[in-house]
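1. Fold the following for me, if possible:
(one chain, ligands or ions: 1)
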Amino acid sequence: MNIAIIGSGYVGLITGLCLSKQNNIVRCIDLNTQIVENINNGIPHFFEEGLNELLADELEAKRFKALSSLENIDIEIELIIIAVGTPSDNSGDIDLSYIEEASKNIGKFIKKNKHHISIVIKSTVLPTTTDLFVRQILEDESSKKLGDFGLGMNPEFLREGSAIKDFLYPDRVVIGWEDKKTKERLEKLYSPWDCEKIIVNSRTAELIKYTNNCFLALQISASNEFANLAYKIGNIDIEDVMSGLNLDKRWNPKKNGKRLNPGILNYLKSGCGFGGSCFPKDVKAIRNYGIKKGLKMEMARSIININNRQPAELVKIMEEIDNLEKLSILILGLSFKENTDDIRESPAIQIIKQLRNKVKKIFAHDPMAIENFTLVIPPQKKLEYVKNWENFVTRSDVILVLNGWKNFKKLENFDLRKKYLIDPRRVFNKSINVKKYLTIGLNNKS
Ligand code: UGA
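-> The predicted model follows:
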């Protein structure tokens, strides 16, 4: 199928390349000409596992190209996928300005095109955005009616750090459609994928995406609330509590005498809270949306409130160990999770802001994210960003591990007997030989 993707950011570029790998001809459109030029030279503008190789392969196969405008398209397209950002505004409302601009441009484009094109939203958007908001713009700009063009919604479930795998081996594909031709096109597009397909209307597809992210965020906040409680009580390891939970047959049923072991319980690690470009913005957007519809949205409020407080819970733990003013701290991990250079809403931001004036010195390291992070918190007297973290272990009293990059495991090779290790991501075994091992959800009192 010939496809144009509007937006060559994280979702757009990965989607475009994975669809190209499936023998589709893909054109990724981005207004930023520097990004377009770099992509066409095989240089992606963000880090993602396997992305460089995939981009090189698809450029070489000549199935894939980036362009700076839909007007420059060099193939006859059947499908346009909108994959632009849908950020939060200051109040947490979804900002649809990129969707609006993309829809206007597409409307103008389909006005001039005689053949039937389906427009499919992949960006995370609130229910009715596709079938009311986008449809209206497309109809106004093109002077055509739904049916003359197609419309659908096909949410993504890509996790940063494993996005290519998530696309190529999905749990399910959700196809939201507003006209039969689009439904058939999407079914054909995803026919090589041997997974369950959920075929629904666009607003259901939109709500599936929000419900999915909010349920995951809810479970993280719930596990954090219980972890905070376990810490207060003392001599409880929240991991044991989670193992107990794991054996309930409603969570983890038996099949042929064996546990199915749902991944959610491996995913859940109570700690410093969630970050990233999705969970915080999506929970806030659905909260505000529900409130506007006259609901209280108490669950969504609590998810956010617990998450906002979690960095302070971690700082409190650190304040209990000693007089922080005397201590130098080595922070390992600045991105919102390992295997990405993305620092958006990273818990490390709040933690460093809260710690920097309380401690003697912070040495901060991340394998990929230092450059991005310094744009948010520049280096200062008490905060130094370090490339070779191994050189700062001996000089630090406390080691605080905020994400799980593989390379941090090298810490086990050091003599840590005089060090405090704070490990909210549970990267290390709690029996590691340190002065004191501490984390959210584990407070061994003697
Ligand atoms: C998330 C969803 O997992 C994807 O399914 C979804 O497609 C994506 O958002 C999106 O909407 O585009 P992502 O934000 O990349 O993906 O990352 P996750 O691995 O889900 O982690 C999110 C945050 O939660 C990270 O900061 C992680 O460290 C944190 N987390 C995760 C916890 O704090 N505790 C946990 O128990 C699990």
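2. from memory Glu139 sits against Leu146, does it?
-> Yes - under the criterion of CB atoms under 8 Å, Glu139 makes contact with Leu146 at 6.9 Å. Placement of C-beta: from N, CA and C, glycine included.
3. any idea which helix or strand comes after the worst-scoring helix or strand of the chain on mean pLDDT?
-> Least confident helix or strand, the chain: helix 264-267 with a mean of 78, by mean pLDDT, DSSP states H and E. The C-terminal neighbour of helix 264-267 among helices and strands, as given by DSSP states H and E, is helix 279-292.
4. Could you look up the next helix or strand downstream of the host helix or strand of Val174?
-> Using DSSP H and E, Val174 maps to strand 172-177. Following strand 172-177 in sequence order, the next helix or strand is helix 180-189 (DSSP H and E).
5. what mean pLDDT does that next one have?
-> In this model, helix 180-189 has a mean pLDDT of 98.
6. now the stretch 301-446 of the chain, which segments are flagged as low pLDDT?
-> The model of the stretch 301-446 of the chain has pLDDT under 70 over residues 446.
7. got the residues of it near the ligand?
-> Within the stretch 301-446 of the chain, the residues that sit near the ligand (CB under 6 Å from any ligand atom) are 336-337.
8. Okay, strands next: where are they in the stretch 301-446 of the chain?
-> Counting by DSSP state E, counting those that start in this stretch, the segments of the stretch 301-446 of the chain that form strands are 328-332, 361-365, 383-385, 398-401, 420-422, 436-438.
9. Would you reformat those strands as TSV and include mean neighbour count?
-> Below are the strands of the stretch 301-446 of the chain laid out as TSV (neighbours: other CB atoms under 10 Å):
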stretch	mean neighbour count
strand 328-332	24
strand 361-365	22
strand 383-385	18
strand 398-401	24
strand 420-422	21
strand 436-438	18
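10. Columns distance to Ser277 on top of these, output as a markdown table?
-> Shown next, in a markdown table, are the strands of the stretch 301-446 of the chain (distance: least, CB to CB, whole Å):
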| stretch | distance to Ser277 |
| --- | --- |
| strand 328-332 | 21 |
| strand 361-365 | 21 |
| strand 383-385 | 22 |
| strand 398-401 | 22 |
| strand 420-422 | 26 |
| strand 436-438 | 29 |
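11. so what's Leu79 up against?
-> For Leu79, the contacting residues are 1-4, 117-118, 120, 185, 189, by CB atoms under 8 Å, 6 or more residues apart in numbering.
12. For it, list each beta-bridge partner.
-> For Leu79, the beta-bridge assignment (DSSP bridges) gives partners Ile3, Ser118.
13. what about it, distance to Glu187?
-> According to CB to CB, to the nearest Å, Leu79 stands 12 Å off from Glu187.
14. ditto for Lys65
-> Lys65 sits 26 Å away from Glu187, going by CB to CB.
15. Tell me which of these two has more neighbours.
-> More crowded of Lys65 and Glu187, by other CB atoms under 10 Å: Lys65, with 20 against 14.
16. which SS state does that one fall under?
-> strand (DSSP: H, G, I helix; E, B strand; the rest coil).
17. That one and Asn40 touch, don't they?
-> Yes - counting by CB under 8 Å, Lys65 touches Asn40, with 6.5 Å between them.
18. joint contacts of those two?
-> With contacts defined as CB under 8 Å, 6+ apart, the residues shared by Lys65 and Asn40 are Leu59.
19. Which neighbouring elements make contact with the longest helix along the chain?
-> Using DSSP state H to define each element, the chain has its longest helix at helix 202-233. Here helix 202-233 touches strand 150-153, strand 172-177, strand 196-201, helix 238-246, helix 264-267, helix 279-292, helix 298-321, going by 3 or more CB pairs under 8 Å, 6 or more residues apart in numbering; DSSP states H and E.
20. Return the distance of the fifth one from the chain's centre.
-> When you say that, I think you mean helix 264-267. Averaging C-alpha positions (CA atoms, centre = their mean, to the nearest Å) puts helix 264-267 16 Å from its chain's average.
21. Ok, the longest one next?
-> Average the C-alpha atoms of helix 298-321, do the same for its chain, and the two points are 20 Å apart (CA atoms, centre = their mean).
22. Please apply the same query to stretch 270-277.
-> 10 Å.
23. who are the neighbours in contact with the nearest residue to Ser277 once chain neighbours are set aside?
-> When the adjacent residues along the chain are set aside, Ser277 lies closest to Arg344, with 4.6 Å between them (CB to CB, 6 or more residues apart in numbering). Each residue near Arg344 by CB under 8 Å, 6+ apart is listed here: 275-277, 336.
24. Near the ligand, which residues of the stretch 151-300 of the chain? Just list them.
-> 156-160, 213, 216, 220, 223, 267-269, 271, 273-276, 278-279.
25. again, only using 8 Å
-> Within the stretch 151-300 of the chain, the positions near the ligand by CB under 8 Å from any ligand atom are 155-163, 166, 209, 212-213, 216-217, 219-220, 223-224, 267-279, 282.
26. about what we covered before: now do the longest helix of the chain, average pLDDT.
-> Averaged across helix 202-233, pLDDT comes to 96.
27. Stretch 76-83 too?
-> For stretch 76-83, the mean confidence score works out to 97.
28. Whether it contacts the ligand - can you check?
-> No - figure legend: stretch 76-83 not in contact with the ligand (CB under 8 Å from any ligand atom); closest approach 10.7 Å.
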